[in-house]
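A.B. asks: I'll drop the sequence and a predicted model, then ask my questions.
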Amino acid sequence: MALQLIQRLPLLGQVGIQRYPPIGSVSSFTKLLTTSSASRPLCVACLCTSSGHCSRGQGCRKLQSDFRIRRLTTITREPSFVASSSVGLHGDSIPQFRLTQLHRPTAAEEQAFQQRLGSCSTSRQVFKVLRSLEIMSDTMAAAALHRVADLEREGNSLKDPSVLEKDTMRALCFQLEQDSGRLTNPGLVSALLACTRLFLDPWSTLMVRLVSESQERLDRGQMSVGQLCTLGQAMLAIEGPGCIVLEQVMEEIQKQAPAQWSIEDLIAVYKLLQSGLGQNVKYRDLLNAMHNHALTLTSYMDPGAVSVLLSALVILNQTQAMPLVISLCKQAVRHVSYFTDEELTLVLGALMHFGHSDHYFVKAMERYVPTVAFTSHPEMVTKVMQFFSRRNILSPAVFDAVAESFVYRADDYNTSQVARQIMAFGKLGYLPPNAVEVFRKVENILHTRFSHFQPRTILNLLHSCILVERFPVNFLSNVFSSYFLQQLQEQGTGLDPFVLAQLTQLYMTVKLECPFYEGPKLHPNYCIKSFHMSGRSLETPVDPHLYNTVRTGLVDLLGARSYFGSKVLTPYCYTLDVEMKLSEDGYVLPARHVDDVYKRVALCIDGPKRFTTNVSQLLGKEAIKQRHLRLLGYEVVQIPYYEFEKLRDKVSVVEYLHHKIFPHTYRLSW
């Protein structure tokens, strides 16, 4: 009889689930619940009348309005209807809490339910799954709310706010509200976190009751580390890092020894700290203890744990935890083919942040990426290219596969992804076998989506093209226009030296290598005098040790230090490691000599940083420098480190330099 009566009630349509993106304070008002009229029994008969006035005249206590607390619901069920922590979904799809724990789903049933939730691609499908069940635990109910949040969240709002008004959602929230005191700890804190992810009103009765019940159990010390972390995440969403309850949560966590934690507990605490607490100095000792314990567990971590932990170390900026980063990278080698696209993106981002790469990890990526280049998420493919580019690793297997996929998939990439992939080719100075198709695709994208690119993204993309001898002459009139240059200035804090260097080199390239170009010029105000600058630079500084060795050999070869100049700035913005001047008869002139200079020799003393790390190929910015110097009339002599390091004594150094600089002359002894 009671069940039939409940099913007829219009109360589920009155459950006001409100959405408030800015989450306000809750914990300071939880004591109001003890005196709220929400705990009084309400007459069922008066609920069934259209007017809502009591027809009995006695035995009914109307719920009094309390403007201090906004409620998810406006009524309270009869106490006799509430007695359990399981949810039962009956024939009419209205969920009810069971009266006993005897019908609680088994672990296998809960696992099957989680799998069904994971296969849902819309909220409608989630609700259909819920209506198909007969019994459901509180943790399953919370999981359903989380899945709805996964599908509906978009930034700081829901894509479809009306999903909160669905009968199944109202009924689910209503029952969680009524039985908050009977929920298990995992179900309680998980439901609270799910409500924050759905942007429910923090002053609704549901939210306040869940917070109040969580506070009581926290005070009694009944929560595990994982449950404390879930509660902490919820309170962060509600009140922010300054929340008093959150401080109490952290105190409880610090009372427990990290060395006793499981991998799941460890990951949960890392995720909580990365949400805004980890920068606090008072948690430094806790973090150090966690790092030490994590080192002992990395070999047991699954792909999800590895990616989450590396991401947390990045957000917390734990530069002192390099041993842990290295250990996680080694474990990542085993999981490369098992990572999801999102997980692998996080792993690659972390390795770039800490400046670390592992030979075995690179090899695993070289085997894996070509098999998924056409099917993986565009951001993952782009992050792969960024990783190899940042680490100066030239992998033809990876680059060729990505180049092939680029031709077919680039229309689906956003402008940033297009630019970052091409920038990787430019930085490493590599042209794939299908370079013609790749850059034809780039040109088509620029023609159709030029206005969609951010100004600096456009500049980075076009500058990367010239590094591999692809000249974007069709777009330079836009780039050198006053409107575009003004946009460049507005995008950042002004035009920094690196941006000016890119503009200057872009203009110099078309003047030197595209003599047919007759478009607008770059205004002199945007030109610089030197490509060599501190920080980001279009030239790699000469290796000091290699330079000193070559300089000593040159003195022995030429007879005096005055016959060559060092670190000479040319009128063309490039800095020469060593410059020598020759007369028309081939004699070496003093470095200060100005008149009758017939030929200038530029020695490029190329250390390891000017090459890719795994093969001896010049980086794009070094290749364009030597190309331009030749076009400007210099005789370029390259002295790569891998040749010079083979020389054993002074005699071999002098003979090597003589052969390099004067290959067609005999050296006389002096």
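C.D. replies: Received it, and whenever you're ready, just let me know what you need.

A.B. asks: only C-alpha atoms from now on, for both contacts and neighbour counts.
C.D. replies: OK.

A.B. asks: residue boundaries of the strands in the protein?
C.D. replies: Here the chain has its strands, by DSSP state E, at 86-89, 95-97, 135-137, 153-154, 157-158, 565-569, 575-582, 588-589, 599-606, 635-640.

A.B. asks: ok, the last one: who's next to it in the sheet?
C.D. replies: Strand pairing for strand 635-640, determined by DSSP bridges: strand 599-606 (parallel).

A.B. asks: now what about the partner strand, what contacts it?
C.D. replies: For strand 599-606, contacts defined as C-alpha atoms under 8 Å, 6 or more residues apart in numbering pick out 542-543, 546-547, 550, 576-584, 633-641.

A.B. asks: for stretch 404-423, same thing?
C.D. replies: With C-alpha under 8 Å, 6+ apart as the test, stretch 404-423 has contacts from 373-374, 378-379, 382, 385-386, 434, 437-438, 441-442, 445, 452-453, 457-458, 460-461, 464-465.

A.B. asks: nearest to Leu188, of the strands of the chain?
C.D. replies: Closest approach to Leu188 among the strands of the chain is made by strand 135-137 (11.2 Å; C-alpha to C-alpha).

A.B. asks: let's test this: mean pLDDT of the closest one, rounded?
C.D. replies: Average pLDDT, strand 135-137: 81.

A.B. asks: and what of stretch 232-239?
C.D. replies: Stretch 232-239 shows a mean pLDDT of 92.

A.B. asks: and for stretch 342-354?
C.D. replies: The model assigns stretch 342-354 a mean pLDDT of 96.

A.B. asks: pull that stretch out as CSV, backbone CA atoms only.
C.D. replies: In CSV, the C-alpha atoms belonging to stretch 342-354 read as follows (Å, rounded to 0.1, in the frame of the first residue of the first chain):
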residue,chain,number,x,y,z
GLU,A,342,44.5,10.7,-22.9
GLU,A,343,46.9,8.8,-20.6
LEU,A,344,49.7,8.8,-23.2
THR,A,345,49.2,12.5,-23.8
LEU,A,346,49.7,13.1,-20.0
VAL,A,347,52.8,10.9,-19.9
LEU,A,348,54.4,12.7,-22.9
GLY,A,349,53.6,16.1,-21.4
ALA,A,350,55.2,15.1,-18.1
LEU,A,351,58.3,13.8,-19.7
MET,A,352,58.7,17.0,-21.7
HIS,A,353,58.1,19.1,-18.6
PHE,A,354,60.9,17.3,-16.7
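
A.B. asks: just the buried positions in it, please.
C.D. replies: For stretch 342-354, a neighbour-count test (16 or more other C-alpha atoms under 10 Å) marks 343-354 as buried.

A.B. asks: got those as CSV, with distance to Gln233 columns?
C.D. replies: Listed next are these as CSV, based on distance: C-alpha to C-alpha, whole Å:
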residue, distance to Gln233
Glu343, 21
Leu344, 24
Thr345, 24
Leu346, 21
Val347, 23
Leu348, 26
Gly349, 24
Ala350, 23
Leu351, 26
Met352, 28
His353, 25
Phe354, 27
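
A.B. asks: check contacts around Met365.
C.D. replies: Met365 makes contact with 336, 398, according to C-alpha under 8 Å, 6+ apart.

A.B. asks: and the pLDDT at it?
C.D. replies: Value for Met365, per-residue pLDDT: 97.

A.B. asks: now it: how far from Ala332?
C.D. replies: For Met365, the distance to Ala332 (C-alpha to C-alpha, to the nearest Å) stands at 10 Å.

A.B. asks: try Leu313
C.D. replies: In terms of C-alpha to C-alpha, Leu313 sits 15 Å off from Ala332.

A.B. asks: repeat that for Thr168.
C.D. replies: 42 Å.

A.B. asks: more neighbours: those two, which one.
C.D. replies: Ala332 (26 against 22; other C-alpha atoms under 10 Å).

A.B. asks: per-residue confidence for Ser85?
C.D. replies: 42.

A.B. asks: distance of Met290 from Gln331?
C.D. replies: Remark: distance between Met290 and Gln331 (C-alpha to C-alpha) = 18 Å.
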